[in-house]
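Asker: Whatever this is, show me its structure:
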Amino acid sequence: MADAALRLTALAEELLGSPLPVRIKAWDGSEAGPPDAPTLVIHSRRALRRLLWKPGELGLARAWVAGEIEIRGDLYEGLDRLSHLLWERGQDAKSTVHPIRDPKLRAAARGLVGLVGLLPPPAPPREEVRRRSGPLHTRRRDKEAISHHYDVGNDFYALVLGPSMVYSCAYFDEGLTLEEAQRDKLDLISRKLALKEGDRLLDVGCGWGSMAIHAAREYGARVTGITLSTEQAAYARKRIAEEGLTDRIEIRVQDYRDVRDGPYDAISSVGMAEHVGSVQYREYADDLFALLKPGGRLLNHQIARRPEPDESAYHVDEFIDAYVFPDGELAPVGRTAGTLEEAGFEVRDVESIREHYALTLRHWVANLEANWAQAVRATSVGRARVWKLYMVASALSFEHNKIGVNQVLAVRPVAGGTSGMPLRARVWGAGPS
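Answerer: Below is the predicted model:
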């Protein structure tokens, strides 16, 4: 009798203490659960063996990347239902006993063993990072982490990001396309930095050159862009040559810790500081402060997490650490602003654009789905599955305020404390009529 789905549903509901919010279809063709819900399809017992050997998020992620599980129906809805369950249990787990001593978990493990057998663990998918041992955030380890994430292939990123080739959240308004919203984001940064003809701009983590090109072409800035990705640098240099801007833009494969040709009039760091890590963040802030002229401005655009009641309990998301951003860390926006000020900056403005990132990610997912066959050919089916899961889950995290993204504008004050900022730096609206 084909009853694997029924047995799995019963095990899950006993463990969770509540009805399963998705339907399950098992490898034997059996189905169980609410008929109108998205369906978690388990194609192989191997998926459950991964969970036995690596319970939790990483085991599920490996099964997803390997194609052993999928969600049929609306992926956003399916992940939303499951993530709410995980978030709620994550809060409860802080007050529970150790998993090995939890009788429900032990009973669930025995049930899985009875269903799939206790065989050796399947090897992780080849897309999982093979991490170097040793201390975090050395120059060599950071370069390897960046290469894992960004050297997937420029053709792949072009399919996902679209013509703008900007890999950070856009700045939307009613009716804007993704490309228009990305243009507006680059222009917002340029205006916050008050760029003008001849200004020296350091673009830290320059990606495929979009910010550098916009600043040089639209504002006449002289730009130095740095990245640790050789593929990004090659692509950026080609674009810059095609734009006829080689006399205004230099792209270097260089660590921010090795830049020594300041002072710069302005510094942009867009979607890069997440890679820096908590142990290096003060050094990052000190280095950028030293590279900026007195009166110069820094625009730090960075994803943030919510503060933990006990900050020592923070840990990096297992799936993202293993498949997306090795060694990446998120910090609360207050800690970021505080560290910048400890380095000598004066923080002048913090703008949250959290909802914009959710919209951006939904556009990227739509691009990936529309170009799926090409994306798989450009990298691998496993890598394409990594990015789809990552972007859908991230969109939901932004929408539910689990993470945010902020533009922090800071200045290096001149002697005596003058900031050089206008009295009214922002326009919030027309006000009452």
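
Asker: Run a quick neighbour tally on the closest residue to residue 314 other than its chain neighbours.
Answerer: Excluding the flanking residues, the one nearest residue 314 by CB to CB, 6 or more residues apart in numbering is residue 308, at 5.0 Å. All C-beta spots, glycine's among them, are computed from the backbone N, C-alpha and C. Using other CB atoms under 10 Å, residue 308 is surrounded by 12 other residues.

Asker: measure residue 308 to residue 317 for me?
Answerer: Residue 308 sits 13 Å away from residue 317, going by CB to CB, to the nearest Å.

Asker: got it, and residue 401?
Answerer: 16 Å.

Asker: higher neighbour count, the two?
Answerer: Each of residue 401 and residue 317 has its neighbours counted (other CB under 10 Å); residue 317 has more, 20 against 10.

Asker: May I see the buried residues of stretch 206-220?
Answerer: Neighbour counts over stretch 206-220 (16 or more other CB atoms under 10 Å) mark 206-217, 219 as buried.

Asker: Quick check: which ranges of this structure have low pLDDT?
Answerer: 1, 86-102, 104-105, 131-134, 145-146, 148-151, 427-433 (pLDDT under 70).

Asker: Could I get the full set of strands for this protein?
Answerer: 23-25, 31-32, 39-42, 69-72, 200-204, 222-227, 249-253, 264-270, 292-305, 346-352, 403-411 (DSSP state E).

Asker: Can you convert the ones you listed into JSON lines and add a column each for mean neighbour count and distance to residue 193?
Answerer: Below are the strands of the chain laid out as JSON lines (neighbours: other CB atoms under 10 Å; distance: least, CB to CB, whole Å):
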{"stretch": "strand 23-25", "mean neighbour count": "21", "distance to residue 193": "51"}
{"stretch": "strand 31-32", "mean neighbour count": "18", "distance to residue 193": "56"}
{"stretch": "strand 39-42", "mean neighbour count": "21", "distance to residue 193": "47"}
{"stretch": "strand 69-72", "mean neighbour count": "18", "distance to residue 193": "42"}
{"stretch": "strand 200-204", "mean neighbour count": "26", "distance to residue 193": "7"}
{"stretch": "strand 222-227", "mean neighbour count": "24", "distance to residue 193": "11"}
{"stretch": "strand 249-253", "mean neighbour count": "19", "distance to residue 193": "16"}
{"stretch": "strand 264-270", "mean neighbour count": "25", "distance to residue 193": "4"}
{"stretch": "strand 292-305", "mean neighbour count": "22", "distance to residue 193": "5"}
{"stretch": "strand 346-352", "mean neighbour count": "15", "distance to residue 193": "12"}
{"stretch": "strand 403-411", "mean neighbour count": "21", "distance to residue 193": "8"}
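
Asker: got CSV for the ones you listed, with distance to residue 53 too?
Answerer: Formatted as CSV, the strands of the chain follow (distance: least, CB to CB, whole Å):
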stretch, distance to residue 53
strand 23-25, 21
strand 31-32, 24
strand 39-42, 16
strand 69-72, 15
strand 200-204, 40
strand 222-227, 37
strand 249-253, 39
strand 264-270, 39
strand 292-305, 28
strand 346-352, 40
strand 403-411, 29
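
Asker: Looking at those strands, spot the one closest to residue 125.
Answerer: Nearest of those to residue 125, taken as CB to CB: strand 69-72 at 12.4 Å.

Asker: and that closest one, what does it pack onto?
Answerer: Under the contact definition 3 or more CB pairs under 8 Å, 6 or more residues apart in numbering; DSSP states H and E, strand 69-72 sits against strand 39-42, helix 57-65.

Asker: so which of those comes closest to residue 147?
Answerer: Per CB to CB, nearest to residue 147 of the helices and strands packed on strand 69-72: helix 57-65, 18.9 Å.

Asker: For the closest one, buried residues please.
Answerer: Neighbour counts over helix 57-65 (16+ other CB under 10 Å) mark 58, 59, 60, 61, 62, 63, 64, 65 as buried.

Asker: Save the residues you listed as a markdown table, and put in distance to residue 299 too.
Answerer: Shown next, in a markdown table, are the buried residues of helix 57-65 (distance: CB to CB, whole Å):
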| residue | distance to residue 299 |
| --- | --- |
| 58 | 35 |
| 59 | 40 |
| 60 | 37 |
| 61 | 33 |
| 62 | 38 |
| 63 | 40 |
| 64 | 36 |
| 65 | 35 |
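
Asker: closest to residue 20 among the residues you listed?
Answerer: Closest to residue 20, out of all of those and judged by CB to CB, is residue 60, at 14.3 Å.

Asker: who's in contact with residue 418?
Answerer: Counting by CB atoms under 8 Å, 6 or more residues apart in numbering, residue 418 touches residue 295.

Asker: What separation is there between it and residue 346?
Answerer: Counting by CB to CB, the gap from residue 418 to residue 346 is 10 Å.

Asker: Turn the helices and strands packed on strand 69-72 into CSV, columns for distance to residue 264.
Answerer: Formatted as CSV, those follow (distance: least, CB to CB, whole Å):
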stretch, distance to residue 264
strand 39-42, 51
helix 57-65, 40
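
Asker: Of all those, which one is nearest residue 240?
Answerer: helix 57-65 (34.9 Å).

Asker: which helices and strands sit right next to that closest one?
Answerer: Against helix 57-65 (3+ CB pairs under 8 Å, 6+ apart) you get helix 45-53, strand 69-72, helix 318-323, helix 381-399.

Asker: residues making contact with it?
Answerer: Against helix 57-65 from outside (CB under 8 Å, 6+ apart): 46-47, 50-54, 69-70, 86, 122, 124-125, 127-128, 317-319, 322-323, 382, 385-386, 389.

Asker: what does stretch 293-302 give?
Answerer: By CB under 8 Å, 6+ apart, stretch 293-302 touches 168, 189, 192-194, 262-271, 273-274, 288, 292, 333, 336, 340, 345, 405-415, 418-420.

Asker: and it, how far from the chain's centre?
Answerer: In this view, stretch 293-302 has its centroid 22 Å away from the chain centroid, taken as CA atoms, centre = their mean, to the nearest Å.

Asker: can you check stretch 17-36 too?
Answerer: 31 Å.

Asker: buried stuff in that stretch?
Answerer: 20, 21, 22, 23, 24, 25, 26, 27, 30, 31, 32, 33.

Asker: wait, doesn't the third one sit right on residue 36?
Answerer: No: using CB atoms under 8 Å as the test, residue 22 is too far from residue 36 to be in contact (10.7 Å).

Asker: Span of stretch 211-227 from start to end?
Answerer: Taking CA to CA, to the nearest Å, stretch 211-227 runs 13 Å from one end to the other.

Asker: Likewise for stretch 322-339?
Answerer: 27 Å.

Asker: what about dumping the CA coordinates of stretch 59-72 to PDB?
Answerer: Below are the C-alpha coordinates for stretch 59-72, written out as PDB (Å, rounded to 0.1, in the frame of the first residue of the first chain):
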ATOM      1  CA  GLY A  59      19.200  19.200   5.100                       C
ATOM      2  CA  LEU A  60      16.200  20.600   3.400                       C
ATOM      3  CA  ALA A  61      18.300  22.900   1.300                       C
ATOM      4  CA  ARG A  62      20.500  20.100   0.100                       C
ATOM      5  CA  ALA A  63      17.400  18.100  -0.900                       C
ATOM      6  CA  TRP A  64      16.100  21.200  -2.800                       C
ATOM      7  CA  VAL A  65      19.300  21.900  -4.600                       C
ATOM      8  CA  ALA A  66      19.700  18.200  -5.600                       C
ATOM      9  CA  GLY A  67      16.100  18.300  -7.000                       C
ATOM     10  CA  GLU A  68      14.900  15.700  -4.500                       C
ATOM     11  CA  ILE A  69      12.100  18.000  -3.300                       C
ATOM     12  CA  GLU A  70      10.100  20.800  -4.900                       C
ATOM     13  CA  ILE A  71       7.000  22.900  -4.300                       C
ATOM     14  CA  ARG A  72       4.200  22.600  -6.800                       C
END
